[in-house]
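**Q** Pasting a predicted model and its sequence here:
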Number of protein chains: 2
Amino acid sequence: MPRTTTRRRRTPNPATPAGERVLAVAAELFYAHGIRAIGVDRIADEAGVTKKTLYDRFGSKDALVAAYLGRREEVWQKHLHARLAASGTSGAERLLLVLGIASDWADKNERGCAFVNAHAEIGGTDHPGNAVIRADKEYMLRLFVDLAREALSGERPGSAGPGDAGPGGAGRGECDAGAGRPDDGGPDPETIGRQIHLLYEGALTAHTTGVQPNAFATARSAAAALLAR
Amino acid sequence: MPRTTTRRRRTPNPATPAGERVLAVAAELFYAHGIRAIGVDRIADEAGVTKKTLYDRFGSKDALVAAYLGRREEVWQKHLHARLAASGTSGAERLLLVLGIASDWADKNERGCAFVNAHAEIGGTDHPGNAVIRADKEYMLRLFVDLAREALSGERPGSAGPGDAGPGGAGRGECDAGAGRPDDGGPDPETIGRQIHLLYEGALTAHTTGVQPNAFATARSAAAALLAR
DNA sequence: AGGTAACCATACTGGTCGGTATACTCGCAG
DNA sequence: CTGCGAGTATACCGACCAGTATGGTTACCT
């Protein structure tokens, strides 16, 4: 019974009761006040845990931050797909529903996108959390592109396999994303998906900063217009 | 000859050589590394100034942060209008040019929108910088709405005055911003301006986080499509 | 001549930062 | 019964935090 290398655990796994409490408290405080604004002492205190335990579980504050972001991504994606699956929608409706779900989510998470906020603090460094941020952004972009493809191809609920995609390199080119000329003939799903992704990202910040309280409704109407061309 | 109450200056004005140096250094460091990541000691050091001088000019770190944001807003708005005025464009072209200017700006400012980043760190508090953030966001929204109005008044009938609007309070409703239904008849300029503002905000974060390197080109094509409906 | 604004330099406060060290207790599985 | 993982408690480290105190040096403006 090879129990995953029972011995020798250099990088600790935080899946213990105390570790869970730490992660829960860290998630709440980091999100509400920012990463740099919260010290490990306070997290340990509010989790009812000693600093030693915190460091035994996570190794460093940076690792704890990365764990916080990873947990956040996991929860959001699970929530999103649960509501998406329960809706039974398809085609354009399904794509627009994503904006509706994000709207509800944003109402309950008044500090906005945790990944954008974290990027403001740790972006441009070699912080381990950056990988998680990038992964989430990439994921949402792909989701919108895939849903746009389904919406425009006569609504096929099929898996549509995006072709492994793979992490690959950073820049991929996408060759100008269809300039400004009114190519009314047929804007490809990739472009429309990317456009709607921008509406999604924009609605998140516009909603959070308070400039556009109804940002998601506005984004929805714009997305519908882009799909209906 | 009342020279603005020559005596008694409780709130200092930072318009002195040393003050300018402090502000310049602060702007660079705050933008590049974040507000909480930079201490006043380092700012004073790199500006070749003592901490005493820094506090004589600005009073507190929070006030210095607010000054940094104010300066940033000023520079951006001046740059934007200079390029806008030099272009001689009008109508839809003029609106799309804003996205082009923002694209160039974003290429030179790789850490993204200073106000979004600052909001991630001080949002939700009573920090004096929040007023500046809000003002900038509001300004860009108004700009897009006004330009959308100009762009659409030249080709579409029924100007449909939105009714004074005015600054008023925070929430203004805007009554659902035209839900999802395909009201192809005529989307009002206010709504289109708001939609394009979302594209602008989204492009900023998508470009900065690296998910969409060509975010502004994509935003441009989407904005053109929304205007050409 | 004297006042004052704008600077310099050094030193200090009380607190917090991320991270480590030491030593002890508990429950469980070999 | 022993060894170990998970946890407790306390104390410590050097560095940095925002902000203040004291005192001295220019240069300009009445």
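**A** The structure has been received and is ready for your questions. Keep in mind it's a predicted model, so treat the numbers as computed, not measured.

**Q** is any part of the helix ranked longest in chain A close to DNA strand C?
**A** Counting residues, the longest helix found in chain A (DSSP state H) is helix A:61-87. Yes: under the criterion of C-beta under 7 Å from any atom of the strand, helix A:61-87 makes contact with DNA strand C via A:61-62. The way it works is simple: take the backbone N, C-alpha and C, and place the C-beta from them, glycine included.

**Q** which parts of that helix are buried?
**A** Residues A:61-73, A:76, A:80, A:84 are the ones in helix A:61-87 that count as buried (16 or more other C-beta atoms under 10 Å in any protein chain shown).

**Q** again, but for stretch A:87-97
**A** Neighbour-count burial for stretch A:87-97 [16+ other C-beta under 10 Å]: A:89, A:91-92, A:94-97.

**Q** Next step: those residues restricted to strands.
**A** Nothing among these maps onto strands, per DSSP state E.

**Q** Okay, residue A:28 and residue A:38: tell me how far apart.
**A** For residue A:28, the distance to residue A:38 (C-beta to C-beta, to the nearest Å) stands at 10 Å.

**Q** Which one's more surrounded, those two?
**A** residue A:38 (20 against 14; other C-beta atoms under 10 Å in any protein chain shown).

**Q** quick one: pLDDT of the more buried one?
**A** pLDDT recorded at residue A:38 is 98.

**Q** Test my guess that it contacts residue A:27.
**A** No: counting by C-beta atoms under 8 Å, residue A:38 stays clear of residue A:27, with 10.6 Å between them.

**Q** Which helix or which strand is home to residue A:187?
**A** Using DSSP states H and E, residue A:187 falls within no helix or strand.

**Q** What about the residue of chain A found nearest DNA strand D, how many residues nearby?
**A** Closest contact between chain A and DNA strand D, by C-beta to the nearest atom of the strand, is at residue A:18 (2.9 Å). Residues lying near residue A:18 (other C-beta under 10 Å) number 17.

**Q** mind listing what it touches?
**A** Shown in contact with residue A:18 (C-beta atoms under 8 Å, 6 or more residues apart in numbering or on different chains): A:47, A:49, A:53, A:57.

**Q** Quick check: the farthest pair among these?
**A** A:47 and A:57 (10.3 Å; C-beta to C-beta).

**Q** And the strand or helix carrying residue A:200, what does it pack against?
**A** Assigned by DSSP H and E, residue A:200 falls within helix A:189-209. Packing partners of helix A:189-209 (3 or more C-beta pairs under 8 Å, 6 or more residues apart in numbering or on different chains; DSSP states H and E): helix A:91-108, helix A:114-122, helix A:129-152, helix A:215-227, helix B:114-122, helix B:129-153, helix B:189-209, helix B:215-227.

**Q** which one of those helices lies closest to DNA strand C?
**A** Minimum separation from DNA strand C across the helices and strands packed on helix A:189-209 (C-beta to the nearest atom of the strand) falls at helix A:114-122, 11.4 Å.

**Q** roughly how far out does that closest one sit from the chain middle?
**A** Relative to its parent chain, helix A:114-122 has a centroid offset of 12 Å by C-alpha atoms, centre = their mean, to the nearest Å.

**Q** go on, stretch A:205-222?
**A** The answer for stretch A:205-222 is 18 Å, by C-alpha atoms, centre = their mean.

**Q** Would you mark the buried spots in it?
**A** A:205-212, A:214-222.

**Q** What parts of chain A come near DNA strand C?
**A** Checking chain A against DNA strand C by C-beta under 7 Å from any atom of the strand, the hits are A:36, A:38-42, A:50-52, A:55, A:60-62.

**Q** if we go to 6 Å?
**A** A:39-42, A:51-52, A:55, A:60-61 (C-beta under 6 Å from any atom of the strand).

**Q** could you flag which of the residues you listed are buried?
**A** Buried members of those, scored by 16+ other C-beta under 10 Å, are A:40, A:55, A:61.
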